Structure formats: C-alpha cells, structure tokens
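Participant: could you look at this predicted model? Sequence included:
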Amino acid sequence: MRHTEEAPAVTEALALLREKGERVTAARRAVLQVLDGASGHLCAEDIAGRVDAAEPGVHRATVYRSLQSLTELGIVAHTHVPGSATIYHLKHSAAAQHAHAHLQCTTCEGFFDVPTDWLAPLAERLRDELGFELDAQHAALLGTCAECRDHFAD
C-alpha cells in the first residue's frame, strides 16, 4: 500500500497528525489509505482486513488502536450503528467533504448518507427547547427505506 504519491486527503490527515505532535506510523498511514479508498461504510474488522492485505506486517490490534487514536484526534469520524458494528470515515476525504448523517433501514440494513443540514431544524429545536446539542454524524437514524416499504406493502 506504499505509494510514492499520497492521495490529497491522506496527505492532509498525515499533516494534521504531525501538527498535533503525533507519530506517522505504517499502521496509521495504512488505515488512512484504506479509509480514503473506501467506497462504502467500513467497520473496524473490514478496515483491519484491508490493511492486512496491503500491509501484512501490521497487527490487527494495532489497526484497532490506530482507529481509536485517529478518532480521538478528530481525523477519523465514527458512527454507531444499532445492532451492528461501528463504521468509520476519514474526515478529510473527497467523499466526506461535507458532513453527513446516516440513515439505516431496519429491514434490509442498507445505509443512506444525507447532508447534516437536513437535520438542522431538528438540531435547532433540540438546542432551543432542551439545550441539547445534536451530533448528527455520530449515530445512524433508523427507519424503513422506500424499497422495503414498497416490497412489504404488497
């Protein structure tokens, strides 16, 4: 997985690590590259498998620790998914240039990304009426997608 030229999002994430006085390790670099190259939602197990395929010397536990530290440093975001594994995103990737929330269908378990500004009216009302600050990217909202509703309505 070693590239002579890093993807812009990985380069930015590595620069953030250095700015924060953190080490750039092979495991962290590999995790960032996997997340940047992902086209879908990845859990820690998926990430560890892809890192192992690209960097066989990186231990699985090191991948998990790297995910935790990158999340704590604000470079990686994670979303808790009810009944499933937490999923991870590189905050500084082209695919995640804009903050997004997750919807999950409880029937087919499919995921849908939606702009967080769609939840702005709810976030504002929660803040105004309850003093509650919503973190719309941190958890998946559950419901039933149109395809499952149509399929089971028959």
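Facilitator: Right, received. Where do you want to start? Residues are numbered from 1 along each chain as shown.

Participant: quick one: the strands in the protein?
Facilitator: 42-43, 76-79, 87-90, 100-105, 111-115, 140-143 (DSSP state E).

Participant: looking at those, which one is packed in the most?
Facilitator: strand 87-90 (a mean of 23; mean count of other Cβ atoms under 10 Å). In this view, the C-beta of every residue, glycine as well, is placed from N, C-alpha and C.

Participant: quick one: that one to chain centroid distance?
Facilitator: From the chain centre to the centre of strand 87-90 is a distance of 2 Å (Cα atoms, centre = their mean, to the nearest Å).

Participant: neighbouring strands of it in the sheet, and parallel or not?
Facilitator: Each strand paired with strand 87-90, and its direction, by DSSP bridges: strand 42-43 (antiparallel), strand 76-79 (antiparallel).

Participant: if we can go back for a sec, now the strands of the chain as TSV including distance to Leu35 and mean pLDDT?
Facilitator: Putting these into TSV (distance: least, Cβ to Cβ, whole Å; pLDDT from 0 to 100) gives the following:
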stretch	distance to Leu35	mean pLDDT
strand 42-43	7	92
strand 76-79	7	88
strand 87-90	4	88
strand 100-105	15	86
strand 111-115	15	86
strand 140-143	18	89
